[in-house]
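In: got a sequence here, can you model it:
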Amino acid sequence: MKSVLALLISIALPVAANAQPDVEPLTLNSDNKLLCNAQADWCVGIKTDGSFETNGPFATSRTLRADRAFWDLPDVPDFSGFTVWPQLIRMSEDRALVGVVGPAEPDYEPETSFSGGSFSRKDLYLFEVSLGEQTASNLVFIMPLSTEASIRSCFNEADQKKRDGHCIDAYQFKADLKPLAGTKTAAGVEYPDLQVTTQATRAPANASRYADSGGKPAPTKAQARPAVDKQCSYTVTYKWNADGSVYAPASPLPDCAEFLQASPEAKP
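Out: Below is the predicted model of the structure:
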């Protein structure tokens, strides 16, 4: 009888929902020249003119009277190609998810040029930064934020005539990140879920990184316009993985090497 009563009470009581994460935009502060939130109690910057040991992104808080360099990836030759992600995801007064945008590892080159084309990619590097007494930072998430590939499909006048002047195959990939209510760890830290929505396009519509467009007939007017790639335009949620202290996708990701790699391997 007691167990039934307890069950009825538990059904009647509302379930406490996790709070929606507090996303704070960062804008340029005229006083310190850093990107700060509205109260300027959290600011983020990137040092590019100091010594090798001090170059890189950092966060600072005037209310906590603390600052922290948070780059813990392999050596980067030049941070001038990086920018601050213009928002932070607040987890508590002294803890936030802070990001920088820059070229993809391992080479950190902003653009790759090769015979017949070029490729550029920018990634979002998201760090968990703590500015409390136990200052720490941890890389928790990397995602491709934008890519562009231009592949030449004409190499002589005959190709240009055959392709009716359509001599460049263009590929684009863009992603947006939205934090959602997440879950608390055993230690009581609440990590938001991260929802990523992507859109990939190709032009012409029948272009492929795995085939030579030069051998195809000229695209029609409709085919020449950028077309959405359904496989690589998707929404996926990343959840906190306490075992690895990183975010992991809740469902498998599609193969989007065509859009994400400078030289994708040919499909079998």
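In: let me know the secondary structure of Trp71.
Out: Put simply, Trp71 is coil when judged by DSSP: H, G, I helix; E, B strand; the rest coil.
In: the closest residue to it other than its chain neighbours - how many residues pack around it?
Out: Taking Cβ to Cβ, 6 or more residues apart in numbering, and ignoring the residues beside it in sequence, Trp71 has Gly56 as its nearest neighbour in space, at 3.9 Å. Bear in mind the C-beta positions are built from the backbone N, C-alpha and C, glycine included. The number of residues packed around Gly56, counting by other Cβ atoms under 10 Å, is 21.
In: let me see the confidence value for Gly56.
Out: Looking at Gly56, its pLDDT is 90.
In: in the stretch 151-268 of the chain, where is pLDDT below threshold?
Out: Residues of the stretch 151-268 of the chain that meet the criterion pLDDT under 70 lie in 268.
In: please enumerate the helices of it.
Out: Across the stretch 151-268 of the chain, reading from the start of the chain, the helices by DSSP state H, counting those that start in this stretch fall at 157-162, 221-224, 257-260.
In: list the buried ones in the first one?
Out: What that stands for is helix 157-162. For helix 157-162, the neighbour count (16 or more other Cβ atoms under 10 Å) marks Lys162 as buried.
In: okay, the helices of the stretch 151-268 of the chain in TSV with distance to Tyr125 next?
Out: Rendered in TSV, the data for the helices of the stretch 151-268 of the chain read as follows (distance: least, Cβ to Cβ, whole Å):
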stretch	distance to Tyr125
helix 157-162	40
helix 221-224	36
helix 257-260	16
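In: coming back round to it: would you mind naming the residues that bridge with the residue nearest to Trp71?
Out: Lys47 (DSSP bridges).
In: in this structure it contacts Arg68, no?
Out: No: with contact defined as Cβ atoms under 8 Å, Gly56 does not reach Arg68; the gap is 11.0 Å.
In: which residues does stretch 103-115 contact?
Out: Outside stretch 103-115, the residues within contact range by Cβ atoms under 8 Å, 6 or more residues apart in numbering are 73-74, 76-78, 81-82, 102, 118-123, 142, 144, 262-263.
In: got it, and stretch 237-244?
Out: Surrounding stretch 237-244, the residues in contact under the criterion Cβ under 8 Å, 6+ apart are 140-141, 180, 182-183, 185-186, 191, 193-196, 247-251.
In: narrow those residues to those in strands?
Out: Cross-referencing the contacts of stretch 237-244 with the strands (criterion: DSSP state E) gives 140-141, 180, 182-183, 191, 193-196, 247-249 as the overlap.
In: pull out the buried residues from those residues.
Out: Among the ones in strands among the contacts of stretch 237-244, those classed as buried by 16+ other Cβ under 10 Å are Val140, Phe141, Gly182, Tyr191, Asp193, Leu194, Val196, Tyr247.
In: rebuild the residues you listed as CSV, extending it with distance to Pro110.
Out: Listed next are those as CSV, based on distance: Cβ to Cβ, whole Å:
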residue, distance to Pro110
Val140, 24
Phe141, 21
Gly182, 33
Tyr191, 31
Asp193, 31
Leu194, 25
Val196, 22
Tyr247, 25
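In: out of the residues you listed, which is nearest to Ala211?
Out: For these, the closest approach to Ala211 (Cβ to Cβ) belongs to Val196, at 28.5 Å.
In: residues contacting that closest one?
Out: Going by Cβ under 8 Å, 6+ apart, Val196 touches Met143, Ala175, Asp176, Leu177, Lys178, Thr235, Val236, Thr237, Tyr238.
In: and with 7 Å instead?
Out: Met143, Ala175, Leu177, Val236, Tyr238 (Cβ atoms under 7 Å, 6 or more residues apart in numbering).
In: residues near the last one, how many?
Out: Right, Tyr238. Tyr238 is surrounded by 23 other residues when neighbours are defined as other Cβ under 10 Å.
In: from Pro144, how far off is it?
Out: 13 Å (Cβ to Cβ, to the nearest Å).
In: please apply the same query to the third one.
Out: With distances defined as Cβ to Cβ, the gap from Leu177 to Pro144 amounts to 11 Å.
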